[in-house]
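> Fold the following and give me the result.
(2 chains)
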Amino acid sequence: MATDSETKEALDGLKEAILRYDAEAARKAAQIIVDRGINPVLALKEAFGETANVLHERFDSGECYLPHLVMAGDAMTAASEILESAVARDSVAAKKIVVIGTVEADLHSVGKNIVAMMLRSGGFEVHDLGVDVKSSMFISRAKETNADIIALSSLLTTTRPYQREVIEELESLGLRERFKVMVGGGPITPEWAKQIGADGYGADAMEGLEVAKRLTGLSS
Amino acid sequence: MLSLLDIAERMQKGPKLDENAWNMGLFHKMNELTERYQLYYPEDGSILNMDDDLADRAFQAALDFLVDKGVYCLSTGRVLQFTEQEILTTIKGMPREVAVGEGKDVRVLKQRRLEEKEALNHCPGHHAPFDEKLAPLVIKSFAEIPTADYLEGVNFPMVDGREIFGLPLEVYAAKREATLMRQGVTRAGRPGLAIAYYPINTRAPVLIAPIDREVGLRPSDGILLSVLPDIKVEQDYLTAAIVWEEYGGFKLNGSGGGYVGGFSGGLGGALIEGIVATLTGWIVYRDIACWGRIRSGMALASAKDISVKIPEVWATSVWSQALHRHTNYIIFIGAGGFSGPGCENHLLEVAFNAVTIPINGANIHITRQYRARMNASQSPLDAEWSYEVAVAVMKAGLDKQATGDLLLKLAEKLKGRIPEAPYHDIREFYDLVHHRPLPAFEQAYLKVKEDLTRLGLDFS
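Numbering: from 1, shown residues only, chains lettered A, B, ... in the order given. Down below sits the predicted model:
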């Protein structure tokens, strides 16, 4: 059984590896945690939660960039593979899954990319479908991955109806209750989100992350 | 010189690459090039680049990028590769000036020289959503601005009372945008004023539909065909480029800048991205001009305050210098800001950006709020203001050092201010019928003008 200082050292090692964007180091740090008999669920919650906050602050302040969030996400994934294998399946809260993309006929991606990376580094499993994504593709990928949230970006006033189309298609397939839908993008407003029956709206990436957490019960 | 059909073939036959691999490869390459060419902000508080050699190195870094990495085609997941010879000979084909519009409204868009006092080209408006009923008066009002050399189109969510949704209505709306623009400029007494189509969306039929010599877009008009972030291009845009090229219309790149914080990484990467994106616009689509800036991608979505990021202003000057020193590219810089129009903050932001324009050898692009809002993104007064400021700067004969000093003073004024957008509709602050600001807006304008007069600019 690890002592308090051994536990702290191990958890700090994991956090540092993630914040250094080092997937291999994160994997090794996770293995140390498992080998020392430290509660992996504690590691997942504490280390990932803290590092996510640091990463988002860094990104917000311009200290790190999108690729860093990708690499941090890779490090978290590498670590969680080790940690999750060490616990009974039912004692680990399954990662919440988001399918995200820019809607059909729209090629804007900057905001969507930022949201995707924020979600990933915030502990979500993210499936980014890219841009110009047909409504049916959002739904089929959400079904395949058993997603929790479908996140739709639109940067043109004339492409935002495709956000509504996704919701309407979910309804017609009897799947509306299965997935939460959140929307965002330049011409998107809270009024539009409400009008089309979306479950959440984010004015920017940070807000999008909070909305996603709320929709999946990860925050109050 | 590469032809657009060469590009089309490379989009189909270039090596396959996963998009995520391209994105991360971009980051690593930009880091490598930034280090190789030492493209770092000098950390001495400079707001404009004083180092010609650095501008030259930035350009070389961009060339290296294009040769080593190429450009990514989103549609096919393939990389377009080029030799250095191909890039250099293709760039040589860029025109230094292009005539747009027709009849008495013909204007010449041209590359201005750095730090010179040549006449500015001006695109005062649009690239913004206005509803269909309001759009005609808005277009007319902007077309009445005498300095307008061309106007960009508007878009709208409804056409003839129907929601624009699905390809048939999108094509119909595209044609309608063109006729609305033509009617608006004609009503302003400028029937030949050049119009740059602002795509309703990005599908090829929608990009081509507005072409119509009689009631739509003429060979003297143009279209926005922009390079996508992270140096990506796309087949629908190339399709449109080929059609427009043969038709004779001009093409513009609305993404000549680079994004700090995106997949290009930090400031150096964004700077290289900006130059590469500008060159790519010409190489892949034959865009004859671009507008852009180096800025934070995150801040475009939401800025907490409108304080000036001095290194980004510096990087924009490097971008502009690099392109001026090595190409004929006609450059515009956007004069808009984070704040919505009608208020002091927006006018100050517009003034700041307008001051950077002459010294950077650029022309003036729209004053639209970054995050465009229906019916409330900009007004004719902010457009006219941007031109007033740029002319005043030229009249004052400010060199780079003096312009930099003025910018630092303006940056101080903007420091810590919160982006505000007090109005929801242009009619709340601007009288479109009589082409004048309403009293509160006029007050704000006069105050900001007085502030700049005290800083040494002469508006007489």
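> Report all helices and strands that whichever helix or strand A:His68 is part of contacts.
Assessed by DSSP states H and E, A:His68 sits inside helix A:66-85. If contacts are counted by 3 or more CB pairs under 8 Å, 6 or more residues apart in numbering or on different chains; DSSP states H and E, helix A:66-85 sits against helix A:4-19, helix A:23-35, helix A:40-61, helix A:110-121, helix B:19-36. Any C-beta I mention is one placed from the backbone N, CA and C, and that applies to glycine too.
> Would you mind extracting the C-alpha trace of that helix into CSV?
C-alpha atoms of helix A:66-85 as CSV (Å, rounded to 0.1, in the frame of the first residue of the first chain):
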residue,chain,number,x,y,z
LEU,A,66,-4.3,23.4,-30.3
PRO,A,67,-1.6,20.9,-31.0
HIS,A,68,-0.7,20.9,-27.3
LEU,A,69,-4.3,20.0,-26.4
VAL,A,70,-4.1,17.2,-28.9
MET,A,71,-0.9,15.9,-27.4
ALA,A,72,-2.2,16.3,-23.9
GLY,A,73,-5.3,14.4,-25.0
ASP,A,74,-3.1,11.7,-26.3
ALA,A,75,-1.2,11.6,-23.0
MET,A,76,-4.5,11.3,-21.1
THR,A,77,-5.6,8.5,-23.4
ALA,A,78,-2.3,6.6,-22.9
ALA,A,79,-2.6,6.9,-19.2
SER,A,80,-6.3,6.0,-19.0
GLU,A,81,-5.7,2.8,-20.9
ILE,A,82,-3.4,1.6,-18.2
LEU,A,83,-5.5,2.9,-15.3
GLU,A,84,-8.8,1.7,-16.6
SER,A,85,-7.5,-1.8,-17.2
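> picking that back up, highest mean neighbour count out of the helices and strands packed on helix A:66-85?
Stretch with highest mean neighbour count among the helices and strands packed on helix A:66-85: helix A:110-121 (a mean of 26; mean count of other CB atoms under 10 Å in any protein chain shown).
> Residues touching whatever helix or strand comes next after it, excluding its own?
Counting by DSSP H and E, the next helix or strand C-terminal to helix A:110-121 is strand A:125-128. Strand A:125-128 is contacted from outside by A:73, A:95-101, A:112-113, A:116, A:119-120, A:141, A:145, A:147, using CB atoms under 8 Å, 6 or more residues apart in numbering or on different chains.
> Quick one: classify A:Ile100 as helix, strand or coil.
Per DSSP: H, G, I helix; E, B strand; the rest coil, the local secondary structure of A:Ile100 is strand.
> residues in contact with it?
Applying CB under 8 Å, 6+ apart, the residues near A:Ile100 are A:Lys112, A:Val115, A:Ala116, A:Leu119, A:Val126, A:His127, A:Asp128, A:Leu129, A:Ile150, A:Ala151, A:Leu152, A:Ser153.
> tell me the mean pLDDT over the helix holding A:His68?
Per-residue pLDDT over helix A:66-85 has a mean of 91.
> likewise stretch A:43-54?
Mean predicted confidence for stretch A:43-54 is 87.
> near chain B, which residues of chain A show up?
Taking CB under 8 Å from any CB of the partner chain as the contact definition, chain A meets chain B at A:59-60, A:62, A:65-67, A:70, A:105-107, A:109-111, A:113-114, A:130-132, A:156-162, A:165, A:186-187, A:203-207.
> For PyMOL, what selects the buried ones among those residues?
In PyMOL, this line selects whichever of those come out buried by 16 or more other CB atoms under 10 Å in any protein chain shown:
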select buried, chain A and resi 59+60+62+65+66+67+70+105+106+107+109+110+111+113+114+130+131+132+156+157+158+159+160+161+162+165+186+187+203+204+205+206+207
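> With distance to A:Thr77 added, can I get the helices and strands packed on helix A:66-85 in CSV?
Below are these laid out as CSV (distance: least, CB to CB, whole Å):
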stretch, distance to A:Thr77
helix A:4-19, 10
helix A:23-35, 8
helix A:40-61, 11
helix A:110-121, 9
helix B:19-36, 13
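> of these, which approaches B:Lys175 most closely?
helix A:110-121 (29.2 Å; CB to CB).
> can I get the CA coordinates of that closest one in CSV?
Provided in CSV are the C-alpha atoms of helix A:110-121 (Å, rounded to 0.1, in the frame of the first residue of the first chain):
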residue,chain,number,x,y,z
VAL,A,110,-11.4,27.1,-36.4
GLY,A,111,-14.0,27.4,-33.6
LYS,A,112,-15.0,23.8,-34.0
ASN,A,113,-11.4,22.6,-33.6
ILE,A,114,-11.0,24.6,-30.5
VAL,A,115,-14.1,23.2,-28.9
ALA,A,116,-13.1,19.6,-29.9
MET,A,117,-9.7,20.0,-28.3
MET,A,118,-11.2,21.6,-25.2
LEU,A,119,-13.6,18.7,-24.8
ARG,A,120,-10.9,16.1,-25.4
SER,A,121,-8.5,17.6,-22.9
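> circling back to that earlier point, and the helices and strands packed on helix A:66-85: which comes nearest B:Val171?
Here helix A:110-121 is closest among these (CB to CB), at 25.5 Å.
> what about B:Leu373, helix or strand, and which?
Residue B:373: Arg, not Leu. Judged by DSSP H and E, B:Arg373 forms part of no helix or strand.
> just checking, it touches B:Asp425?
No - under the criterion of CB atoms under 8 Å, B:Arg373 makes no contact with B:Asp425, lying 9.4 Å away.
> Looking at the two, which has the bigger crowd around it?
B:Arg373 (22 against 15; other CB atoms under 10 Å in any protein chain shown).
> quick one, phi/psi of the more buried one?
Backbone dihedrals for B:Arg373, given as degrees, to the nearest 10, come out at phi -130, psi 140.
> Strands of the stretch 51-200 of chain B, start to end?
B:71-73, B:78-80, B:97-100, B:107-110, B:128-129, B:150-152, B:154-155, B:158-159, B:162-163, B:194-197 (DSSP state E, counting those that start in this stretch).
> Minimum distance to chain A: which of these has it?
strand B:128-129 (4.3 Å; CB to the nearest CB).
> How about that closest one and chain A, touching?
Yes - applying CB under 8 Å from any CB, one finds strand B:128-129 touching chain A at B:Pro129.
> Same question for stretch B:144-157.
Yes - shown here: stretch B:144-157 in contact with chain A (CB under 8 Å from any CB) through B:Asn155, B:Phe156, B:Pro157.
> could these go into JSON lines alongside pLDDT and neighbour count?
Shown next, in JSON lines, are those (pLDDT from 0 to 100; neighbours: other CB atoms under 10 Å in any protein chain shown):
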{"residue": "B:Asn155", "pLDDT": "89", "neighbour count": "27"}
{"residue": "B:Phe156", "pLDDT": "91", "neighbour count": "23"}
{"residue": "B:Pro157", "pLDDT": "90", "neighbour count": "20"}
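> B:Leu323: which of those is nearest?
B:Asn155 (28.7 Å).
> Could I get the contacting residues of the closest one?
B:Asn155 touches A:Leu156, A:Thr157, A:Thr158, B:Ala128, B:Pro129, B:Ala173, B:Glu177, B:Tyr198, B:Pro199, B:Ile200, counting by CB under 8 Å, 6+ apart.
> repeat that for 10 Å
With contacts defined as CB atoms under 10 Å, 6 or more residues apart in numbering or on different chains, B:Asn155 is in contact with A:156-159, A:187, B:126-130, B:132, B:135, B:164, B:173-174, B:177, B:197-201, B:372, B:374.
> Can you tell me, leaving aside adjacent residues, what's nearest to residue 55?
Went with chain A since none was named. A:Ser121 (4.8 Å; CB to CB, 6 or more residues apart in numbering or on different chains).
> not what I meant, chain B
Nearest one to B:Ala55, counting by CB to CB, 6+ apart, is B:Gln321 at 3.8 Å.
> buried set for the strand or helix carrying the one you found?
Assessed by DSSP H and E, B:Gln321 sits inside helix B:310-326. Neighbour-count burial for helix B:310-326, with 16+ other CB under 10 Å as criterion, is recorded at B:310-324, B:326.
> I appreciate the help and will end here.
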